[in-house]
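Q: A structural model of the following input is requested.
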Amino acid sequence: MDSEFNKPVETKPIEEPHQDVKKNSITEVAKPKPKNKKILKILLIILLALIFAAFAAGATYWWCNKNSNEVQNSQANDISKLKVENTALKKQLAVIQAKNTLATDDQTTCTAKAPTAQVIESIKSSITSGNTAALEGYMAPSVNTILAASEGVGAITPAASVAAISNFISSDIKSWDYNFSLSAATLKIYGNGEYKAYFPAIAVVGKASNGKVIAFSFDCNGKISTVFMAASDSLLQ
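A: Below is the predicted model:
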């Protein structure tokens, strides 16, 4: 009995697992699950979408802000221009109103009057002598210069009016043997004709032997305000 207990116990070697079993177990542990891949893809897509949305929102805000600033600047410039134009128009309106007021006052309070006898003689002499330049000193600042049977000239400066008179008589100045002492009957015919407005009672009227007629009318200061010329007195009948 004692001999059996004293026998050494035999130990069997531990068998290692087969290599194929190892490989399969390792492969199965390392292989990711398909479900996890899908989740990662979804998360990545969501992240990219959020980044794009944030970028788009930022770009939209920048663009809107930029356009808003440009519109505000443009509106500010337009308002400034309109203010300047408005100021200029107000000044122009004030000038026109002043002129209209002056013209109305002149029409209502001014009565035309003849110049002195000496001035009348000087006017007559300037025509009969051809020294038309002397007329300028007897004229108003604006002279209504009219040529019968034409468009006329209109309101012009004294110098321009003198030039028109000179052109009117320059072709045959020698025939301008004016008669500034026309009969009352002749003046009445002129005063009743189509151009009667240019033959007031105080007008200085002259007729040449060639039939040309010239008439000077005056303003309330005794200055020449209108010069009327007709190539023939037949136009005045």
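Q: Okay, and F228 sits in which element?
A: Element membership of F228, judged by DSSP states H and E, is strand 224-230.
Q: Three-state assignment for A140, please.
A: Secondary structure assignment for A140 (DSSP: H, G, I helix; E, B strand; the rest coil): strand.
Q: How about it, nearest residue that isn't a chain neighbour?
A: K223 (4.0 Å; C-beta to C-beta, 6 or more residues apart in numbering). C-betas here are computed from N, CA, C, even on glycine.
Q: Verify the stated contact: the one you found with T116.
A: No: in this structure, K223 is not within contact of T116 by C-beta atoms under 8 Å, at 11.8 Å.
Q: Of those two, which one has the most company?
A: K223 (18 against 9; other C-beta atoms under 10 Å).
Q: separation between that one and A203?
A: 14 Å (C-beta to C-beta, to the nearest Å).
Q: any weak-confidence spans in the chain?
A: 1-36, 67-68, 71, 78, 82-83, 85-109, 151-152, 171-176 (pLDDT under 70).
Q: Look at M139 and say how many residues are nearby.
A: Neighbour number of M139 under other C-beta under 10 Å is 22.
Q: Please apply the same query to S129.
A: 11.
Q: can you give me the strands in the protein?
A: Per DSSP state E, the chain carries strands over the ranges 139-147, 154-156, 204-207, 213-218, 224-230.
Q: Show me what the fourth one is packed against.
A: Spelled out, it's strand 213-218. Judged by 3 or more C-beta pairs under 8 Å, 6 or more residues apart in numbering; DSSP states H and E, strand 213-218 is in contact with strand 204-207, strand 224-230.
Q: ok, A148 - contacts?
A: Residues counted as contacts of A148 (C-beta atoms under 8 Å, 6 or more residues apart in numbering) are Y195, F228, M229, A230, A231, L235, L236.
Q: my guess is the third one meets F168, correct?
A: Yes: contact status for M229 versus F168: in contact at 5.1 Å, counting by C-beta under 8 Å.
Q: hang on, I169 packs against S129?
A: No: taking contacts as C-beta under 8 Å, I169 lies outside contact range of S129: 10.9 Å.
Q: which residues touch A114?
A: Neighbours of A114 in contact, by C-beta under 8 Å, 6+ apart: I120, I202, F218, G222.
Q: Got phi/psi on it?
A: Main-chain torsions, A114, degrees, to the nearest 10: phi -80, psi 150.
Q: Then S129?
A: The phi/psi pair for S129 (degrees, to the nearest 10) reads phi -90, psi -10.
Q: so where do the helices sit in this protein?
A: Along the chain, counting by DSSP state H, helices occupy 2-5, 19-30, 34-109, 117-128, 158-169, 184-192.
Q: Hey, what's the angle from the fourth one to strand 213-218? Just curious.
A: Same thing as helix 117-128. 150 degrees (axes from the mean of the first three to the mean of the last three C-alpha atoms, to 10 degrees).
Q: got the angle between helix 117-128 and strand 224-230?
A: 30 degrees.
Q: Number the chain from 11, please
A: Yes, from this point I'll number from 11; that puts the last item at helix 127-138.
Q: Alright, calling it a day.
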